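*Asks:* based on what follows, work out the 3D shape:
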Amino acid sequence: MATLGLLTLQGSTVNAQNLVISGGVQTIPGGTYDNITIQNGARGILVGDIVINGTMLVQAGGVLQTISDGNATCSNVSGPGNFILAARAQLSICSPAGISASGPLGNIQVSGTRTFSRHARYLYDRPGTQATGSGLPTQVWELYKFDTGQLNLSQAVAVRSQVGLISVGDISTNGQLLTLRSDADSTAYVMNYDAGVVMGSVTVRRYVGGPTAAGYHHLSSPVQSTTVADLSTTGYTAKVNAAYNSLPTPPLTAAQMPTVFGFDESRGGTNPQFQDFKYGYYSPETLGDVLTPGRGWVVYMGGNKTPDFVGELTTGVVPVALSLTGTNPSPNQFKAGWHLLGNPYPSPIDWDNVDSTITGMTGSISVFRTGGGRMGSFYLTYANGVGSLPGGIVPVGQGFFTRVTAPTVFAFTNAMRVADNPIAVARGAADTRPVFSLTLHDAQGAGDETFVYAQAGATPGSDDWFDGFKPGRNEGVATLATLVGEGEAAVNGLPESVLTQPATVELLADVPAAARYELAVGQWRNWGGTAVALVDRLTGTRYDLAQQPVVTFTAERAGEVRGRFALEFNAARVTGLASDAAMATLAVWPNPAHGTVRLGGVGAGAPVQLLDAVGRVVRTVVAGADGASFDVQTLPAGVYVVRSGAQTQRLVVE
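*Replies:* The predicted structure is shown next:
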């Protein structure tokens with residue numbers, strides 16, 4: 001409706017030559033205006049050239065689109081006025097010349113001031129070839145190429161959040177420096193939404209956080225053909241030493257130790273002497289060795305450093321051959337089948353996007369987090385949508401461990417890449433599976449978490465795509481795992497029968513010092529009426545975790561605690577605490593004891609173990625027809641546990 005020079009449009013108001021677009025999508029007719037303001041949540045689309053006498057302002061959350069829908073018209077903004085693109089606003093650019101800092105070039109041609117925020121989004125939107133133009137700031141929040149054709153950089157630019165390639169558009173660095181920034185707040189990444197690519201050399205920075213004290217960080221290269229030397233940065237120099245690679249590793253001084261390591265599970269072959277996990281690490285031969293995309297690298301450096309990777313960005317299929325040397329009876333102690341892989345792309349990957357039909361490979365990953373040196377270091381493990389690694393997201397430049405059960409070739413693909421902001425990835429429908437987690441931590445809150453969940457298809461034994469094993473124990477903080485056969489699992493998938501039938505899951509703890517610790521319920525969802533109890537065999541108590549979700553215990557010494565704790569699902573319902581002895585038929589006498597201990601209530605041929613206070617097996621016998629016996633006179637005084645099958649009894653040695 002137009003009355004006396006007042007033009008009213010849906011979602012906007014024009015009074016004389018002043019236009020305010022307050023919401024929705026609104027076309028802006030060609031003509032002369034005093035002022036135009038596009039507010040948060042509004043999109044203004046030019047459908048003709050406009051002249052600005054005052055100021056055209058695109059506020060945070062607003063969008064100015066210079067090309068009409070359907071690409072029918074590409075329009076410019078000129079006149080004696082000013083143009084302001086605020087932080088977090090978006091400018092869609094259709095001119096082949098892009099945006100210019102001055103003069104009658106590009107889409108913004110006002111002769112007043114031109115303000116383009118370093119924290120705005122710039123989307124180049126037209127078929128054919130475009131230049132970014134001299135007006136593009138040297139740093140931007142986001143940079144996109146939309147539609148077919150190629151965008152050429154006119155000058156160096158650094159991106160803080162995302163470079164996006166949409167509808168088969170390409171970006172060429174054109175000999176200019178394109179940098180993906182990274183700091184404690186954000187890490188920029190590239191998203192190939194379709195088949196578009198970034199052409200030319202790119203600098204990808206990777207902020208390394210954590211303590212300032214040097215520690216081991218697992219990194220990977222998102223570019224092609226960069227070398228070990230490229231890891232050097234302010235305050236850190238990459239160092240290699242081929243002498244480290246002799247088996248066994250010769251003694252080296254601190255000055256001789258390399259600071260960059262690869263991991264090769266085949267080192268030492270099948271020789272049992274070299275099957276310890278530490279023998280998988282090796283030093284690159286020279287600083288010129290290539291950081292192969294898809295492989296992870298261990299870098300010993302302090303936190304708050306920002307190494308960068310320079311080269312052509314990796315995209316498409318990245319195959320990695322994975323060997324299996326020898327056997328692996330204990331996944332947490334031997335290196336057979338373990339591989340240090342790395343995200344090969346300049347964008348995060350989502351482990352949930354990995355094809356679960358791959359054979360010969362487990363479906364879990366473990367990401368290492370250093371506490372500096374060897375203290376406070378731990379693994380975050382993720383398997384089948386469950387675990388301590390948030391969302392299963394592997395960031396840019398991140399290495400991680402996984403394991404194979406047969407030689408295979410694993411292929412990274414673009415389908416694994418996160419297709420949106422990795423901080424707010426849509427996880428789809430809520431997980432309806434029963435998930436339970438238990439944490440183990442010291443008085444300062446440092447510790448570990450282990451997960452148990454139920455799903456059809458899982459078994460009580462080891463399942464490649466349901467269970468997640470850690471490559472090793474934590475350093476300087478407690479480790480907590482469930483026992484699956486000989487393996488120590490951070491994620492343990494169980495059959496759905498655990499919801500209604502009795503089941504026992506053994507726990508293993510490894511504590512760094514004699515101290516008081518807490519076992520506490522972390523997650524507990526979708527279990528319905530299933531009862532979950534924590535059993536402490538050393539003290540002979542069972543805790544109903546619904547009534548007492550935090551249990552405190554004392555470890556008398558540092559080391560492994562095995563056999564003492566277990567989770568019981570759907571055992572005899574408990575109301576508070578109960579004694580295990582009341583349910584056991586295993587008989588132990590005399591108790592207390594200081595010489596020979598007799599055992600009854602066990603069948604002939606049954607193995608019987610005696611465990612000390614931290615769960616180590618100190619005696620093993622096989623029962624005969626008349627039971628069994630232990631000689632304990634050489635053992636230190638203390639509290640022990642006698643175990644035969646599922647039965648346990650507490651024994652005091654004087």
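*Asks:* hang on, A156 packs against P137?
*Replies:* No - A156 is beyond contact range of P137, at 10.8 Å (criterion: Cβ atoms under 8 Å). For every residue, glycine as well, the C-beta is placed using N, CA and C.
*Asks:* between those two, tell me which one has more neighbours.
*Replies:* Using other Cβ atoms under 10 Å, the more surrounded residue of A156 and P137 is P137, with 19 against 14.
*Asks:* ok, back up a step: overlap in contacts of A156 and P137?
*Replies:* Common neighbours of A156 and P137, counting by Cβ atoms under 8 Å, 6 or more residues apart in numbering, are absent.
*Asks:* is S134 in a helix, a strand, or coil?
*Replies:* Assigned state for S134: coil (three-state reduction, DSSP: H, G, I helix; E, B strand; the rest coil).
*Asks:* any idea how many residues pack against it?
*Replies:* S134: 16 neighbours (other Cβ under 10 Å).
*Asks:* ok now do the residue lying closest to it once chain neighbours are set aside, which residues does it touch?
*Replies:* Closest residue to S134 apart from its sequence neighbours, by Cβ to Cβ, 6 or more residues apart in numbering: A101 at 4.5 Å. By Cβ under 8 Å, 6+ apart, the contact list for A101 reads R114, G133, S134, G135.
*Asks:* tell me how far A101 lies from L177.
*Replies:* A101 sits 18 Å away from L177, going by Cβ to Cβ, to the nearest Å.
*Asks:* with D276 instead?
*Replies:* D276 sits 45 Å away from L177 when distances are taken as Cβ to Cβ.
*Asks:* more neighbours, these two?
*Replies:* L177 (16 against 13).
*Asks:* pLDDT wise, what is the more buried one at?
*Replies:* We note a pLDDT of 97 for L177 in this prediction.
*Asks:* that one contacts V159, correct?
*Replies:* No - when contacts are counted by Cβ under 8 Å, L177 is not listed as touching V159 (11.4 Å).
*Asks:* identify the bridge partners of R650.
*Replies:* Residues in a beta bridge with R650, per DSSP bridges, are V641.
*Asks:* check contacts around it.
*Replies:* So R650 contacts R537, L538, T539, G540, A581, N591, V639, Y640, V641, V642 (Cβ under 8 Å, 6+ apart).
*Asks:* which SS state does A229 fall under?
*Replies:* Going by three-state DSSP: A229 is helix.
*Asks:* try A415
*Replies:* helix.
*Asks:* tell me if I am right that V498 is in a strand.
*Replies:* No - applying three-state DSSP, one finds V498 to be helix, outside a strand.
*Asks:* list the residues that contact it.
*Replies:* By Cβ under 8 Å, 6+ apart, the residues touching V498 are P434, A454, T530, F569, N570.
*Asks:* neighbours around the nearest residue to N591 once chain neighbours are set aside, how many?
*Replies:* Of all residues not flanking N591 in the chain, L651 sits nearest, at 5.6 Å (Cβ to Cβ, 6+ apart). The number of residues packed near L651 is 24, by other Cβ under 10 Å.
*Asks:* L651 is in contact with A637, isn't it?
*Replies:* No - shown here, L651 and A637 do not form a contact pair, counting by Cβ under 8 Å, at 11.5 Å.
*Asks:* which of the helices or strands spans T504?
*Replies:* Per DSSP states H and E, T504 falls inside strand 503-511.
*Asks:* below-threshold pLDDT in the stretch 151-300 of the chain: ranges please.
*Replies:* Under the criterion pLDDT under 70, no range of the stretch 151-300 of the chain is flagged.
*Asks:* gap between the two ends of stretch 227-238?
*Replies:* From its first residue to its last, stretch 227-238 covers 10 Å (Cα to Cα, to the nearest Å).
*Asks:* pull out the buried positions in it.
*Replies:* T227, V228, A229, D230, L231, S232, T233, Y236, A238 (16 or more other Cβ atoms under 10 Å).
*Asks:* give me the contacts around it.
*Replies:* The contact list for stretch 227-238 (Cβ under 8 Å, 6+ apart) reads 219, 221, 240, 259-260, 284, 286-291, 297, 299, 301-302, 305-310.
*Asks:* what do you get for stretch 502-510?
*Replies:* By Cβ under 8 Å, 6+ apart, stretch 502-510 touches 438, 440, 450, 452, 460, 473-474, 478-483, 488, 492, 494, 497, 517, 535, 555, 559-571, 615, 646.
*Asks:* so which of these belong to strands?
*Replies:* 438, 440, 450, 452, 479-483, 488, 492, 494, 517, 535, 555, 559-569 (DSSP state E).
*Asks:* just the buried ones from these?
*Replies:* In terms of neighbour count (16+ other Cβ under 10 Å), the buried residues within the ones in strands among the contacts of stretch 502-510 are 438, 440, 450, 452, 479-483, 488, 492, 494, 517, 535, 555, 559, 561-569.
*Asks:* columns distance to P251 and pLDDT on top of the contacts of A101, output as JSON lines?
*Replies:* Below are the contacts of A101 laid out as JSON lines (distance: Cβ to Cβ, whole Å; pLDDT from 0 to 100):
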{"residue": "R114", "distance to P251": "65", "pLDDT": "98"}
{"residue": "G133", "distance to P251": "60", "pLDDT": "97"}
{"residue": "S134", "distance to P251": "59", "pLDDT": "97"}
{"residue": "G135", "distance to P251": "61", "pLDDT": "97"}
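*Asks:* want to throw those residues into TSV with distance to L545?
*Replies:* Formatted as TSV, those follow (distance: Cβ to Cβ, whole Å):
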residue	distance to L545
R114	63
G133	63
S134	65
G135	62
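*Asks:* below-threshold pLDDT in the stretch 551-654 of the chain: ranges please.
*Replies:* Using pLDDT under 70, the stretch 551-654 of the chain drops low at 572-585, 589, 614, 625-626, 646.
*Asks:* redo that, cut-off 50
*Replies:* 573-584 (pLDDT under 50).
*Asks:* hang on, the residue nearest to S134 in a helix?
*Replies:* No - counting by three-state DSSP, A101 is not part of a helix but coil.
*Asks:* how close does N40 get to L91?
*Replies:* From N40 to L91 the distance is 15 Å (Cβ to Cβ).
*Asks:* of the two, which one has the most company?
*Replies:* Set side by side, N40 and L91 show more neighbours around L91, with 25 against 14, by other Cβ under 10 Å.
*Asks:* state the distance from the more buried one to A229.
*Replies:* From L91 to A229 the distance is 39 Å (Cβ to Cβ).
*Asks:* check M191 too.
*Replies:* Distance from M191 to A229, by Cβ to Cβ: 29 Å.
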